[in-house]
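Peer 1: Provide a 3D model corresponding to the input given below.
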Amino acid sequence: MVGSTHRKLTKISRKLRRNSTEAEKALWQRLRNKQLEGLKFRRQQRIGQYIVDFVSFEGRLVIEVDGGQHAVEREKDLEREQWFHSQGFQILRYWNDEVLGNIEGVLEVIRERLLSPSPDPSHQGRGEWQLKFLASSRASESSSLPGCGASRSRVGEGKI
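Peer 2: Next up, the predicted model:
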């Protein structure tokens, strides 16, 4: 059963890579080949029972680029996010139009997140600390980069 689930998710990942959105393609062109801070990113990567758009295992960062369908999948998305946080990952989310309209702003927020140490490294990615961090991040993310629509990064919102 586990083997068949793994194969199924791998097949889905390959299909998603072949059928990327324009926003995913644009972001991938800027993340691939260690172009951002020398960190390796993977796209449409299986992690546990989920597939994420982009991930830096080294930076413990998941990046999701969402279309409109994810505005209605909040409950499933929150469950996924809680699982990722319990595994030590931070999550950044962008709408397709944010990536296409402000790729430099999106990259700057990603860069800042990768270079910012965890507020409490001993609790990185574990338990209640992550939920408290998410709650405080939501309030501050929208103003972290003046004039940058992508700075919202929608941590804790949308798909995952």
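
Peer 1: Next, please give the residue ranges for the helices of this protein.
Peer 2: Using DSSP state H, the helices of the chain run over 2-18, 22-31, 74-86, 96-101, 103-115, 127-141.

Peer 1: what packs against the third one?
Peer 2: For helix 74-86, the packing partners by 3 or more CB pairs under 8 Å, 6 or more residues apart in numbering; DSSP states H and E come out as strand 50-56, strand 90-95, helix 127-141. Every residue, glycine included, has its C-beta placed from N, CA and C.

Peer 1: what angle separates that helix from strand 50-56?
Peer 2: 50 degrees (axes from the mean of the first three to the mean of the last three CA atoms, to 10 degrees).

Peer 1: Give me the angle between helix 74-86 and strand 90-95.
Peer 2: Going by the same axes, to 10 degrees, helix 74-86 makes 150 degrees with strand 90-95.

Peer 1: what's the answer for the second one, then?
Peer 2: Using the same axes, to 10 degrees, the direction of helix 22-31 lies 130 degrees away from that of strand 90-95.

Peer 1: Show me what helix 22-31 is packed against.
Peer 2: Using 3+ CB pairs under 8 Å, 6+ apart: helix 22-31 touches strand 42-47, strand 50-56, strand 61-66, helix 96-101, helix 103-115.

Peer 1: Out of the helices and strands packed on helix 74-86, name the one with the poorest average pLDDT.
Peer 2: Lowest mean pLDDT of those: helix 127-141, a mean of 38.

Peer 1: Turn the helices and strands packed on helix 22-31 into CSV, including distance to Lys25 and mean neighbour count.
Peer 2: Converted to CSV, those look like this (distance: least, CB to CB, whole Å; neighbours: other CB atoms under 10 Å):
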stretch, distance to Lys25, mean neighbour count
strand 42-47, 10, 19
strand 50-56, 11, 21
strand 61-66, 10, 24
helix 96-101, 10, 18
helix 103-115, 11, 18
